[in-house]
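>>> Here's a sequence, model it:
(one chain, ligands or ions: 1)
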Amino acid sequence: MNLLLYGAPGSGKGTQANMLRSHFGIPHIATGDMLRAEIAAETDLGRQAQPILAAGKYVSDDIMIGIVRNRVIYLKVPVDDLLHRLSGRLVCPTCQRTYPPGTARCEADGSPLIQREDDRAEAVRPRIEIYLEKTVPVLDHYRGGGLVSEIDGRGTIEEISRHVLAAVNGRVAKTQKTA
Ligand SMILES: [Zn+2]
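Next up is the predicted model:
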């Protein structure tokens, strides 16, 4: 049972991963390592992913969560919005929460916020372009199997979370009905 959560830098992927993790009680979130484990175990997911990974088309920081069998959620955010979100974004060095520009300290632990080197404006656009270049073929691959749910990544965190959960739960319900 696996859910793949895709989203460009700044898409809110980390926030939604945390939401899914607490909603479904998933103990941890792995990165590309989980996919390599799938390949080693020759699961269906591993067999699908192996040629993509072998072709260097897989993005290693994509987040995979063990809840739903081979389902793909893509948080889609227009490039201009991503640029706006990432430029000037601040991060807590202790807990990695992110904050908008102008925030002084982390709400959770009071640490002074810093700007990541790769969140500086000039570094942001190439990161997004590389991500999209690598991710689009992966999504196309999964789309062929009707596995991809595209979620509009704009709006409040609560709205987006509702859409993500609806997509995950809808697929679970549909799977159970036809099983
Ligand atoms: Zn913090």
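>>> From here on, just use CA atoms for contacts and neighbour counts.
Fine.
>>> Please identify which helix or strand holds residue 150.
strand 148-152 (DSSP states H and E).
>>> quick one: buried residues of the helix or strand hosting residue 129?
Residue 129 is part of helix 121-143 when elements are defined by DSSP H and E. If you call a residue buried by 16 or more other Cα atoms under 10 Å, then helix 121-143 has these buried ones: 124-125, 127-128, 131-132, 134-135, 138-139, 141-142.
>>> what's the closest of these to residue 73?
residue 139 (9.4 Å; Cα to Cα).
>>> What residues of stretch 152-168 count as buried?
Buried-residue list, stretch 152-168, by 16+ other Cα under 10 Å: 152-154, 160-161, 163-165, 167-168.
>>> meant to ask about stretch 86-99, not that
Here stretch 86-99 shows 86-92, 98-99 as buried, counting by 16+ other Cα under 10 Å.
>>> how about the strands in the chain?
3-7, 63-65, 71-76, 90-91, 98-99, 148-152 (DSSP state E).
>>> quick one, the longest one and helix 121-143 angle?
What it means is strand 71-76. Relative orientation of strand 71-76 and helix 121-143, computed by axes from the mean of the first three to the mean of the last three Cα atoms, to 10 degrees: 140 degrees.
>>> Narrow the buried residues of stretch 152-168 to those in helices?
160-161, 163-165, 167-168 (DSSP state H).
>>> of these, closest to the ion?
Among those, residue 161 lies closest to the ion (Cα to the ion), at 21.8 Å.
>>> Touching, the closest one and residue 19? I think so.
Yes: Residue 161 is within contact range of residue 19, at 7.2 Å (criterion: Cα atoms under 8 Å).
>>> And the helix holding residue 129, what does it pack against?
helix 79-86 (3 or more Cα pairs under 8 Å, 6 or more residues apart in numbering; DSSP states H and E).
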